[in-house]
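Undergrad: Curious how this folds, go ahead:
(chains A and B)
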Protein chains: 2
Amino acid sequence: MKTHTLLMPLDMHLHLRDGVMLENIAPLTAYSFSGAIIMPNLVPPVCTLKDVKAYKERIMAAVANDFFEPYMTLFYKNYDRAFLEDVAEEITAIKLYPAGITTNSEDGVSSFDIEEMRPTLEAMSELEIPLCVHGETDGFVMDREAEFMSVYELLATSFPKLKIIMEHITTKAAVDMLDKFENLHATITVHHLLLTLDDVIGGMMMPHNFCKPIAKRPEDLDALLSIALEAHPKVMFGSDSAPHPRDKKESCGCAAGVFTAPIALQLLCEIFEQYDKLDNLQSFISDNAQNIYGICPEFKEVRLQKREFVIPDTYSGVVPLYAGKTINWAIQDIE
Amino acid sequence: MKTHTLLMPLDMHLHLRDGVMLENIAPLTAYSFSGAIIMPNLVPPVCTLKDVKAYKERIMAAVANDFFEPYMTLFYKNYDRAFLEDVAEEITAIKLYPAGITTNSEDGVSSFDIEEMRPTLEAMSELEIPLCVHGETDGFVMDREAEFMSVYELLATSFPKLKIIMEHITTKAAVDMLDKFENLHATITVHHLLLTLDDVIGGMMMPHNFCKPIAKRPEDLDALLSIALEAHPKVMFGSDSAPHPRDKKESCGCAAGVFTAPIALQLLCEIFEQYDKLDNLQSFISDNAQNIYGICPEFKEVRLQKREFVIPDTYSGVVPLYAGKTINWAIQDIE
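TA: Coordinates of the predicted model:
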């Protein structure tokens, strides 16, 4: 049987939520990943040193696995330097949400006034705290990410030493930014390497493929695939895996988010093999992230086998991407 | 109280389905419209003289209203001239669906081979039977209608005396076609005068706003509004009102279709008044259609009143557009 081994897989954009959902979902990531950047958009958001420490403890308790590192983040606000110095050791990044742009982002940034943000962003730059950004305007749904490029440009040029991560990019416009600004990097999800808007509303309406940013046009998918498959050194895997209970997805007013945490490695093997680029997956899944973030996860080896694997209908009541579909790669010892 | 009277309102594109749904839904249209073009995409589709007559009888039985005229259509196939001569008196138009493009369209046209279609379309042209077209390719969901413009151009130039109706147009591309070809006309729905893709997937996912063709971009909405509000003589109202049971809409894999039949006149009054174009509504809702189709409905007067009207949550288990929303126009005697 053909196998493929990944070392220290990292998920550089993960939603673990809290409470029972956290307890159910966190072990699924900890099983196959060495670590993950944990999004801070809880209700209320993670904004203090105490919040960070307490959330990390809850995650570690849920995971019960010493070989998994939750890389913690703060929810972006205009923090002062003294606070950032205090918290710097405990966090890996700060995540910026435009206000109201996605799930639990109501307390986000409502206008990009660079002068108001300058003290925080300069302190982050000096303390080498990366800024992760959900890059969407409140414009027309298909244009939101492309419209945000001017904000990335403003941030990148105003704070040239600040490491900026364009999170879960979905457009050719974002791909094209990567080589323009030294300090811009990006995460790409697995679902945005598979879906276009056609998979959301092109046939029937498919709530389990509905996420923010929405999957875009075929030419956007091509651009994302191209840069991921070559494992461009400025891109890394971030699942943006977002668990919602089945009834919140399969109802009128379905919540945004695609759940991929337990099947991401398998799907990535399938995609990279399909394009004969399996050798590049190690960089995309871990090495690039280690270089970009300067992190050094503990040794972990995950072996994937080329065999039929039927994606479960649910994991603890959460429906994953491609539920029920048979794919060609499985994680060893996971059915 | 401000009132506005409409004479012989016509719905030039209506789905009444069959059986219990027909019985529940048909009276809602018959109450406020003089007549409607009835879509033939039943299962199986309406393809014979016997089908047409039987379906019309079922509609009249459901309606139980002598002041409503169902203008019957056939499902497009390559019919021969003798058949078309036989059926011409009983139908008002023939509706063409590309195969598999929307609900119950599996038996539609799979390739636009003009020479194969020529005998049918020439006979229709000579017998003055209009051709109604669902104009979408099987391409990317946002491009399907624009991509179909070349087919309209081919049909319009190959059969210059055939009256062609571009059904439920949703794009500026289609609006721009109207003045290019003498024999092209169009219907516009009320929901496409209100919604963009943002209302379908821009916030939460809204199944009751999900239809085919999908609502498009803001500039498309502007183009549709502009031509409807001026009551361009080549456009007419066609609701494309499509009833689906609530559970088929509010579930995974929601069916396409927006239900507007019982609230279309009220919403149109609201839209046309908002733009100070109420005087043009009569042309859009009836006069243009009478001219285009050469039909002469029996006299009927529908009075609308400017007062608060809360759109019901359901009509016989079917959720209408804007369910629960308060609008400013009501039909007299209808709460």
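Undergrad: Next, count neighbours for the residue nearest to residue A:265 when sequence neighbours are not counted.
TA: Spatial nearest neighbour of residue A:265, chain neighbours left out: residue A:32 (5.4 Å); criterion: C-beta to C-beta, 6 or more residues apart in numbering or on different chains. Every residue, glycine included, has its C-beta placed from N, CA and C. When neighbours are defined as other C-beta atoms under 10 Å in any protein chain shown, residue A:32 has 21 of them.
Undergrad: ok, now which ones touch residue A:32?
TA: Shown in contact with residue A:32 (C-beta atoms under 8 Å, 6 or more residues apart in numbering or on different chains): A:9, A:262, A:265, A:302, A:331, A:334.
Undergrad: ok, now residue A:89?
TA: By C-beta under 8 Å, 6+ apart, no residues touch residue A:89.
Undergrad: Pull up the pairing partners for the one helix or strand residue A:165 maps to, direction included.
TA: Assigned by DSSP states H and E, residue A:165 falls within strand A:164-166. Strand A:164-166 has these partner strands in its sheet, going by DSSP bridges: strand A:131-133 (parallel), strand A:184-188 (parallel).
Undergrad: give me the number of residues near residue A:23?
TA: 18.
Undergrad: my guess is it is in a helix, correct?
TA: Yes. Secondary structure of residue A:23 (DSSP: H, G, I helix; E, B strand; the rest coil): part of a helix.
Undergrad: That one contacts residue A:63, doesn't it?
TA: No. Using C-beta atoms under 8 Å, residue A:23 makes no contact with residue A:63, being 9.4 Å away.
Undergrad: returning to what we had before: the strands paired with strand A:164-166 into JSON lines, with extra columns for mean pLDDT and mean neighbour count?
TA: Output for those, formatted as JSON lines (pLDDT from 0 to 100; neighbours: other C-beta atoms under 10 Å in any protein chain shown):
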{"stretch": "strand A:131-133", "mean pLDDT": "98", "mean neighbour count": "24"}
{"stretch": "strand A:184-188", "mean pLDDT": "98", "mean neighbour count": "25"}
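Undergrad: Backbone dihedrals for residue A:45, please?
TA: Backbone torsions for residue A:45, taken as degrees, to the nearest 10, come to phi -70, psi 160.
Undergrad: Please list all residues in contact with it.
TA: Going by C-beta under 8 Å, 6+ apart, the list of residues near residue A:45 reads A:75, A:104, A:107.
Undergrad: do residue A:193 as well
TA: Residues counted as contacts of residue A:193 (C-beta under 8 Å, 6+ apart) are A:221, A:224-225, A:228, A:268, A:271.
Undergrad: can you check residue A:213 too?
TA: A:136, A:144-145, A:168, A:170-171.
Undergrad: To what extent is the nearest residue to it once chain neighbours are set aside buried, counted in neighbours?
TA: Excluding the flanking residues, the one nearest residue A:213 by C-beta to C-beta, 6+ apart is residue A:170, at 4.5 Å. Counted with other C-beta under 10 Å, the neighbours of residue A:170 add up to 30.
Undergrad: Kindly report the same for the one 3 residues further on.
TA: Residues contacting residue A:173 under the criterion other C-beta under 10 Å number 18.
Undergrad: Which secondary structure state does it sit in?
TA: Under three-state DSSP, residue A:173 falls in the helix class.
Undergrad: Pull up the residues of the stretch 151-300 of chain A that are close to chain B.
TA: Neighbours of chain B within the stretch 151-300 of chain A, by C-beta under 8 Å from any C-beta of the partner chain: A:196-198, A:200-202, A:204-208, A:210, A:214, A:217-218, A:249-256.
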